[in-house]
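Engineer: Here is a sequence with its predicted model. Questions after.
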Amino acid sequence: MSVLPESLASWIVIAVLLFWFVGAYNRLVRLRAAVLQSYATLDAALGRQLDFVQASISAAPQQDPPSQELLSSIAPLQAATTQLATLLGATRLHPLDAGGMAALGTALQVLISAWQRQHPDAVTVFDADGTLSRPVPAQPGAVAVAAPNTAEPIAWPEPSAAAEIARSQFNLAVRNYNEAIVQFPALLVAWAVRLRPAAPLR
């Protein structure tokens, strides 16, 4: 008489656990998909920044033969553009790879620095919501303080808020995803299906 109720109870427990596992897994998959979707937008925005910088290099006054001063100013920017384009292509294949995203962030900072050295008066900063923030500090050693849990806005070469908005949305999606996969008991699902933390673009 007691076999059927015990068996039924076991099946109920298994069904509840399975239902919970599927629900938790679907939630993590949705968050992961949001990261990938936001990265696609960021990738397009970074591509436009690269096009803008490359166009500025092509439009620079040409000298035959080029002077040493011209070479010393253009060469670092051209090298930084090439490096960023290469890493952007690699990251596009694996946008959730933390190491690749860190390398992309470093290459981006190199490009920004090279651009600012060549165009110190042609940089504009936008906040994450797209509003004009402030000009880049001109004083050597000046430090801008970012709000807690937010990345410092980047002075993008092209004076458009699109790249900063895309970066902010990507970083937010990464934060939501990373927080979800370490919460108990969802972390058990993340471990079972081998979901790994992503990295924001700094």
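Structural biologist: Perfect, I can see it now. Numbers count the residues shown, from 1 in each chain.
Engineer: for Pro159, phi and psi?
Structural biologist: The phi/psi pair for Pro159 (degrees, to the nearest 10) reads phi -70, psi 70.
Engineer: So for it, what's the nearest residue that isn't a sequence neighbour?
Structural biologist: Distances taken as C-beta to C-beta, 6 or more residues apart in numbering place Thr124 nearest to Pro159, at 4.4 Å, with adjacent residues excluded. (Each C-beta comes from the backbone N, C-alpha and C, glycine too.)
Engineer: Tell me the spacing between the one you found and Gly99.
Structural biologist: Thr124 is 31 Å from Gly99, where distance means C-beta to C-beta, to the nearest Å.
Engineer: So the two - more neighbours on which side?
Structural biologist: With neighbours defined as other C-beta atoms under 10 Å, Thr124 and Gly99 compare such that Thr124 has more, 18 against 10.
Engineer: what is the mean pLDDT for the helix ranked longest in the chain?
Structural biologist: When the chain is parsed with DSSP state H, its longest helix is helix 3-58. Averaging pLDDT along helix 3-58 gives 88.
Engineer: what's that helix packed up against?
Structural biologist: Packing contacts for helix 3-58, counted by 3 or more C-beta pairs under 8 Å, 6 or more residues apart in numbering; DSSP states H and E, involve helix 68-93, helix 98-118, helix 162-181, helix 186-192.
Engineer: Show me the contact partners of stretch 76-91.
Structural biologist: Stretch 76-91 is contacted from outside by 43, 46-47, 50, 53-54, 57, 97, 100-101, 103-104, 107-108, 110-111, 113-115, 117-118, using C-beta atoms under 8 Å, 6 or more residues apart in numbering.
Engineer: cool, stretch 8-21 as well?
Structural biologist: Contacts with stretch 8-21, where a contact means C-beta under 8 Å, 6+ apart, come from Val189.
Engineer: With only the CA atoms kept, save it in CSV.
Structural biologist: C-alpha atoms of stretch 8-21 as CSV (Å, rounded to 0.1, in the frame of the first residue of the first chain):
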residue,chain,number,x,y,z
LEU,A,8,4.6,9.1,-6.6
ALA,A,9,6.3,11.4,-4.2
SER,A,10,9.7,10.6,-5.8
TRP,A,11,8.4,11.4,-9.2
ILE,A,12,6.9,14.6,-8.0
VAL,A,13,10.2,15.6,-6.5
ILE,A,14,12.1,14.7,-9.8
ALA,A,15,9.5,16.6,-11.8
VAL,A,16,9.9,19.7,-9.6
LEU,A,17,13.7,19.6,-9.8
LEU,A,18,13.6,19.1,-13.6
PHE,A,19,11.2,22.0,-14.0
TRP,A,20,13.4,24.2,-11.8
PHE,A,21,16.5,23.2,-13.8
